[in-house]
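Colleague: got a sequence here, can you build the structure:
(2 chains)
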Amino acid sequence: MKSFCNQILIICSIALLGCVPWDADDLDPVPGSLRMQVALEWNDEPYAVGDVAEDHLGHPVRIDNLQCYIAPIEFREKDGEWITIDDVYLIDFSEHNPTIVAALPAGSYDAFRMGLGIPPEINTDIDPASYPNDHPLSVLGSAGMFWTWASGYIFVKYEGKFALESGSQLIEPLSYHCGTDESYRTVLFEWDEPLAIESHEATASILTLDAAKALIGVDESIDIALNPVTHNASGDSLGSVMMNLLDDAWTWNLLP
Amino acid sequence: MDMELTTMKTHSITSILLLFSVLFTTGCDRCREVPCDTADCSPAATPFELEIPPFFPPMDIPEDNPLTVEGIELGRLLFWEKQLSADGSMSCGSCHLPESSFSDPNPYSTGITGATGIRNAMAIINIGWAPSFFWDGRALTLEEQILEPVEHPDEMALEWTQAVARLQATESAAQSDVNYPDRFEVAFGDRNITAEGVTKAIAQFLRTMVSADSKFDQWRRGETVLTDDEFAGYEIFLREGGDPETTPGGQFGGDCFHCHSEAGLQFSDYLFRNNGLDSTFTADAGHAIVSGNPLDSGRFKTPTLRNIALTGPYMHDGRFQSLEEVIDHYNSGGVPSATIDPFMKYTTGGLALSPVQKSQLIAFLHTLTDTSFVQNPHFQDPH
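Modeller: Residues are numbered from 1 along each chain as shown, chains lettered A, B, ... in the order given. I've put the predicted structure just below:
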């Protein structure tokens, strides 16, 4: 009888080993998952694309299209190593509740950073047609976010309408397209209290962009009436100004 | 004792075999995968490998409708099949004429009752790469798109149940040149024809309608040169629009590339835009009809510029007869409205293209003409 049980045990083991794909990674600790909801605000108040708000100079403004690439998205372990959870992500604020979901190894993290834009090494020298169609840098995935095959991606697209005076119809166009390798920025959050990721457990967080702060900061600001358009062409500093402002326009928080 | 031992051994072996059976039939998804290389596992269909032209992106083919030689040929027969219209007078090809790059040279197509539609028939060219269909994007797959015109009362006006019955009846109809049940059996492994099968076959055919041999394609491949005017027009196509004195960021260009993106040589970003044709949209709200979002009012899908010289009249309602009229419209800056695209230069005096620049731009647009595509014998009426 003992022998019979042993046989069963051996056969079970063989059968299971034979069926489950063997991978050394299986020995690693089971990761947790991180859900990062992406939200939009206007002067610290919830804001949705299509809403009319007021800028720092009193112009009524409506953002009709707000998209940006973040690449890569990384968390820093306590030993200083950066863990990449996504190489490239395209945020489209027109979508309902865009959310980044990724596996993150269990452990303790003390910083989060994201590239704002596309890193130079993948911005201009890779043909979008070489990516599968569901990749954010592919021809279809980057629709409307690609200048030409030679000059790379639009990092941030901030488009809409405004009025010169309160009460007037919003008819003036604003169109800020920021890009170029020089415009690539890194947004960094460091925490005194580390973020703990537990195996099998989901951690929820929220990444928020304040679209009003893309127009005004401590040292720089943009007057949409005077400078309503940038294509970030050479000699045009407006795109760089907006990228600087955007750098400070994000917040990241844990959700209960 | 020996008897007991034998019984126990028998039990043991039986249990082991049973355990193996259970483990290997229920415990492992990977072991259950059975390769199927042909459409719907039809043993007779021949897989067709579509050649993706240089610089083009991959084409996503639905897993449940892989291309096969027989499916494509069946799709071609059905695309040109007039029995799919109520009075037997119209096929899909009646409004998608080869000489017009498979579009309609009339602003609106006329259906079997004499009624006309409200939008210009879109050109069929490289649509295997499109992520949505119709000017307003209401269909998200080719198969879904194909369902509509057959039943539409202003187009072919035939209910699918009748269309399928007609095709099924060709098995014994002496007057039909095609035995469709035979064709469906070979293509899909089933003689019973369904609307889904018809749309799948036509979709397969349409995915093979690839244009990649225009003069511009040949130039990109290094096989020919553009004339000075054509190249100047290409540069205008790629530059930001407007006079830099009046338009921030202006480069005296045509500002075409933003929407008619050159990425993947598609010459469309397939997005929905209001290009400043009208100030109100009560006649046709465009993509807003589909999305329900007022911000989409007056927005229509960006068509490809490939074969644009052949696909007039232009715009969703065919209001412009010539490329000259189209360029003049963009040069004017367009009509302001709440949803006009910010690329339109309606507040700063338009693109400011000179007559010479306009003619150069048109010369470039003609380099996108691919006559080998419209004359391809594999796309013509086989009946």
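Colleague: show me what whichever strand or helix holds residue A:74 packs onto, helices and strands only.
Modeller: Assigning secondary structure by DSSP states H and E places residue A:74 in strand A:60-77. Packed against strand A:60-77 by the contact rule (3 or more C-beta pairs under 8 Å, 6 or more residues apart in numbering or on different chains; DSSP states H and E) you find strand A:32-42, strand A:52-54, strand A:82-86, strand A:89-92, strand A:99-104, strand A:107-116, strand A:152-162. C-beta here means a position set from N, CA and C on the backbone, and glycine is covered the same way.
Colleague: just name the most buried of the ones you listed.
Modeller: Of all those, strand A:152-162 has the most neighbours on average by mean count of other C-beta atoms under 10 Å in any protein chain shown, namely a mean of 24.
Colleague: whichever helix or strand comes after it pairs with which strands, parallel or anti?
Modeller: Downstream of strand A:152-162, the first helix or strand assigned by DSSP H and E is strand A:172-179. Strand A:172-179 pairs in its sheet with strand A:152-162 (antiparallel), strand A:229-230 (parallel), by DSSP bridges.
Colleague: would CSV of those with distance to residue A:201 and mean pLDDT be doable?
Modeller: Formatted as CSV, the strands paired with strand A:172-179 follow (distance: least, C-beta to C-beta, whole Å; pLDDT from 0 to 100):
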stretch, distance to residue A:201, mean pLDDT
strand A:152-162, 33, 95
strand A:229-230, 43, 90
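Colleague: and residue A:173, which of these is closest to it?
Modeller: Nearest to residue A:173, of all these, is strand A:152-162, at 6.2 Å by C-beta to C-beta.
Colleague: any idea of the angle the closest one forms with strand A:107-116?
Modeller: 80 degrees (axes from the mean of the first three to the mean of the last three C-alpha atoms, to 10 degrees).
Colleague: mind exporting the C-alpha coordinates of strand A:152-162 to PDB?
Modeller: These are the backbone C-alpha positions of strand A:152-162, laid out as PDB (Å, rounded to 0.1, in the frame of the first residue of the first chain):
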ATOM      1  CA  GLY A 152      10.400  61.400 -34.100                       C
ATOM      2  CA  TYR A 153       7.400  61.500 -31.900                       C
ATOM      3  CA  ILE A 154       5.300  64.200 -30.400                       C
ATOM      4  CA  PHE A 155       5.900  63.800 -26.600                       C
ATOM      5  CA  VAL A 156       3.000  65.900 -25.500                       C
ATOM      6  CA  LYS A 157       0.000  67.100 -27.400                       C
ATOM      7  CA  TYR A 158      -2.000  69.800 -25.600                       C
ATOM      8  CA  GLU A 159      -4.700  71.200 -27.900                       C
ATOM      9  CA  GLY A 160      -7.900  73.100 -27.500                       C
ATOM     10  CA  LYS A 161      -9.700  76.400 -27.800                       C
ATOM     11  CA  PHE A 162      -9.700  79.500 -25.800                       C
END
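Colleague: off-centre distance for that strand?
Modeller: Relative to the chain's own centre, strand A:152-162 is displaced by 15 Å; criterion: C-alpha atoms, centre = their mean, to the nearest Å.
Colleague: just the angle between that strand and strand A:60-77, please?
Modeller: Following the same axes, to 10 degrees, one obtains 140 degrees for the angle between strand A:152-162 and strand A:60-77.
Colleague: got the contact list for the nearest residue to residue A:116 once chain neighbours are set aside?
Modeller: Once flanking residues are discounted, residue A:116 sits nearest to residue A:185: 4.3 Å by C-beta to C-beta, 6 or more residues apart in numbering or on different chains. By C-beta atoms under 8 Å, 6 or more residues apart in numbering or on different chains, the residues touching residue A:185 are A:115-117, A:243-244, A:246-247.
Colleague: kindly indicate which of those residues lies nearest chain B.
Modeller: residue A:243 (15.8 Å; C-beta to the nearest C-beta).
Colleague: quick check: which element contains the closest one?
Modeller: Here residue A:243, judged by DSSP H and E, is contained in helix A:238-247.
Colleague: residues in contact with that helix: which ones?
Modeller: The list of residues contacting helix A:238-247 from outside it, by C-beta under 8 Å, 6+ apart, reads A:68, A:116-117, A:155-156, A:158, A:176-180, A:182-183, A:185-187, A:209, A:213-217, A:220-222, A:227, A:230-232, B:248.
Colleague: also stretch B:66-75?
Modeller: With contact meaning C-beta under 8 Å, 6+ apart, stretch B:66-75 is reached by B:38-39, B:42, B:44-50, B:61, B:65, B:180, B:183-184, B:186-188, B:200-208.
Colleague: out of those residues, which are buried?
Modeller: For the contacts of stretch B:66-75, a burial check counting by 16 or more other C-beta atoms under 10 Å in any protein chain shown picks out B:38-39, B:42, B:45-46, B:48, B:65, B:180, B:183-184, B:186-188, B:200-208.
Colleague: quick one, strands of chain B?
Modeller: For chain B, the strands defined by DSSP state E occupy B:272-273, B:300-301.
Colleague: dump the ones you listed to a markdown table, plus mean pLDDT, mean neighbour count and distance to chain A.
Modeller: Putting the strands of chain B into a markdown table (pLDDT from 0 to 100; neighbours: other C-beta atoms under 10 Å in any protein chain shown; distance: least, C-beta to the nearest C-beta, whole Å) gives the following:
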| stretch | mean pLDDT | mean neighbour count | distance to chain A |
| --- | --- | --- | --- |
| strand B:272-273 | 98 | 22 | 9 |
| strand B:300-301 | 98 | 22 | 11 |
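Colleague: any idea which of those strands gets closest to residue B:113?
Modeller: The nearest among these, by C-beta to C-beta, is strand B:300-301 at 25.7 Å.
Colleague: can you give me the domain assignment for chain B?
Modeller: Listed by automatic domain parsing, the domain ranges of chain B are B:69-211, B:215-367.
Colleague: in TSV: the ones you listed, plus distance to residue A:86.
Modeller: Below are the domains of chain B laid out as TSV (distance: least, C-beta to C-beta, whole Å):
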stretch	distance to residue A:86
domain B:69-211	22
domain B:215-367	22
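Colleague: how about the ones you listed, which one is nearest residue A:121?
Modeller: The minimum distance between residue A:121 and these falls on domain B:215-367, with 18.9 Å, by C-beta to C-beta.
Colleague: which ones are touching residue 214?
Modeller: Just so you know, I chose chain A. Contacts of residue A:214 by C-beta under 8 Å, 6+ apart are A:158, A:176, A:222, A:242, A:245-246, A:249.
Colleague: sorry, I should have been clearer: chain B.
Modeller: Here residue B:214 is in contact with B:306-307, B:367-370 (criterion: C-beta under 8 Å, 6+ apart).
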